[in-house]
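Novice: The following comprises the amino acid sequence and a computationally predicted model.
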Amino acid sequence: MILSHTATSSPSRRSYIGKSIPLLQSKEIKLPSSSCPLLKPKSQKMSKDMEPSGPGLRPPNDPEPPLQYKHRGLYESRRFTPGRIFFVFARLITLIIIYSLLVSPSSPTSIYRSLPILKPSTRQLDFAKHHAQTFSLPFPFSQIPGLDEVLIRLGKRSNMSAPNFTLYTLHILFSLMFTHYTLLFRREYFPLTGDGGSLSVSSAVSVIDIVQVLLYTHTSVYNPTWCEGLFRWGVLGVVLGVGGQWWSDWVKHCFKMRTSSSSSMEKDKREGKSKKVLQSGPWSLVRHPNFTGFLLWKTALGCMLGGWAFGGLVFWGMGSNTWERSIPSIEVYMEGRYGEEWSAYRRRVKWRLVRGVY
């Protein structure tokens with residue numbers, strides 16, 4: 001909003017930013033603090049009135065449709081907000097709990113020392129010892145000389161068997177990926193509470209991770225859908241999925257940093273190009289490669305810990321939310337914001353998750 005000359009031309013009618021001012025001794029108008037370009041607050045509390053409206057986004061007063069990311073298009077400049085800090089803290093606490101579940105039951109750091117009622121059965125513990133003796137890494141990790149021995153040695157130092165240490169390493173891997181994304185890559189507003197807030201997201205993710213580990217440590221010997229081969233090859237699936245998701249997010253982050261620079265924007269303006277739709281790297285193969293990687297490692301981890309039946313349930317649950325809610329919501333937003341450029345990208349890259357399948 002630009003201040004009118006009438007409201008600022010005489011001392012008797014001063015304008016006070018963010019306050020009501022009389023206009024010709026009649027009605028009053030209200031000027032928000034953002035109306036003055038020299039006064040830019042560092043942060044503002046996100047409210048319903050601040051949510052942008054436009055093509056693909058809901059108007060401020062309309063109810064939220066089911067196919068919608070609540071905070072898409074709302075950006076915050078600060079990286080270390082309460083929501084982000086709590087998410088990282090929750091990941092750290094989750095890793096500590098998982099460690100206490102995977103160490104030897106006789107270890108002082110084992111949760112079973114404090115809560116013996118949670119201790120796995122004798123049959124399960126005997127089976128875990130057998131699994132530790134027969135465990136080996138899948139190809140191509142098996143081709144690295146001495147890697148199996150390194151795992152055994154590191155596991156003993158951590159009071160874990162080789163498969164348990166491998167599983168814990170995978171949890172550290174995708175926890176680092178989540179932390180890296182939340183603190184460095186994520187631009188959208190991430191509140192502490194509310195729908196889509198850090199408290200609800202962190203709690204759900206942590207509970208799921210802990211329950212999956214309990215499935216492995218307590219039921220694998222009784223589970224007819226679980227086998228050592230699934231655990232072994234699940235390692236490869238998790239590594240490929242986490243790597244694919246991180247690569248996709250990294251390419252997207254670099255693209256946003258490059259296109260948001262002033263020199264790049266001026267160059268695109270001179271050339272008559274917008275270049276706001278990412279079309280390189282994994283994004284040239286499918287339109288949502290980050291979701292592809294996410295579904296891959298989540299499904300692989302589910303098979304590792306709960307067998308193929310539980311892994312299939314994870315794939316169905318995560319997958320249905322992805323192709324029924326997440327992808328349609330993002331594509332509506334992108335089409336509304338970027339128009340023909342997004343439409344051209346959709347025509348060129350036809351597949352959403354897997355080329356030739358979907």
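Specialist: Thanks, I have the structure now.
Novice: From the contact counts, what lies against the strand or helix carrying Trp308?
Specialist: Trp308 is part of helix 289-321, with elements assigned from DSSP states H and E. For helix 289-321, the packing partners by 3 or more Cβ pairs under 8 Å, 6 or more residues apart in numbering; DSSP states H and E come out as helix 162-180, helix 198-219, helix 228-259. Just so you know, the C-beta spots here come from the backbone N, C-alpha and C atoms, and that holds for glycine as well.
Novice: Name the residues of the second one that are buried.
Specialist: Of the residues in helix 198-219, those with enough neighbours to count as buried (16 or more other Cβ atoms under 10 Å) are 198-199, 201-202, 205-206, 208-209, 212-219.
Novice: Quick check: Ser280 touching Val251?
Specialist: Yes - assessed by Cβ atoms under 8 Å, Ser280 is found in contact with Val251 at 6.7 Å.
Novice: for the record, mean pLDDT for stretch 146-162?
Specialist: Per-region confidence: stretch 146-162 scores 92 on mean pLDDT.
Novice: Number of residues surrounding Ser136?
Specialist: Neighbour count of Ser136, defined by other Cβ atoms under 10 Å: 13.
Novice: Leaving out sequence neighbours, find the closest residue to Trp247.
Specialist: Pro282 (6.2 Å; Cβ to Cβ, 6 or more residues apart in numbering).
Novice: Check Leu353 too.
Specialist: Thr292 (4.9 Å).
Novice: show me where pLDDT drops low in the stretch 251-358 of the chain?
Specialist: 261-275 (pLDDT under 70).
Novice: Next one: the closest residue to Leu240 other than its chain neighbours relative to Ser142, how far apart?
Specialist: Leaving aside its sequence neighbours, Leu240 sits nearest to Leu296 (Cβ to Cβ, 6+ apart; 6.3 Å). Going from Leu296 to Ser142 by Cβ to Cβ, to the nearest Å gives 20 Å.
Novice: out of these two, which sits in the more crowded spot?
Specialist: Between Leu296 and Ser142, counted using other Cβ under 10 Å, the more crowded position is Leu296 (22 against 12).
Novice: Would you mind listing the residues in contact with Thr182?
Specialist: Thr182 is in contact with Arg84, Phe87, Val88, Phe190, counting by Cβ atoms under 8 Å, 6 or more residues apart in numbering.
Novice: Start and end of stretch 283-296, how far apart?
Specialist: One end of stretch 283-296 sits 17 Å from the other (Cα to Cα, to the nearest Å).
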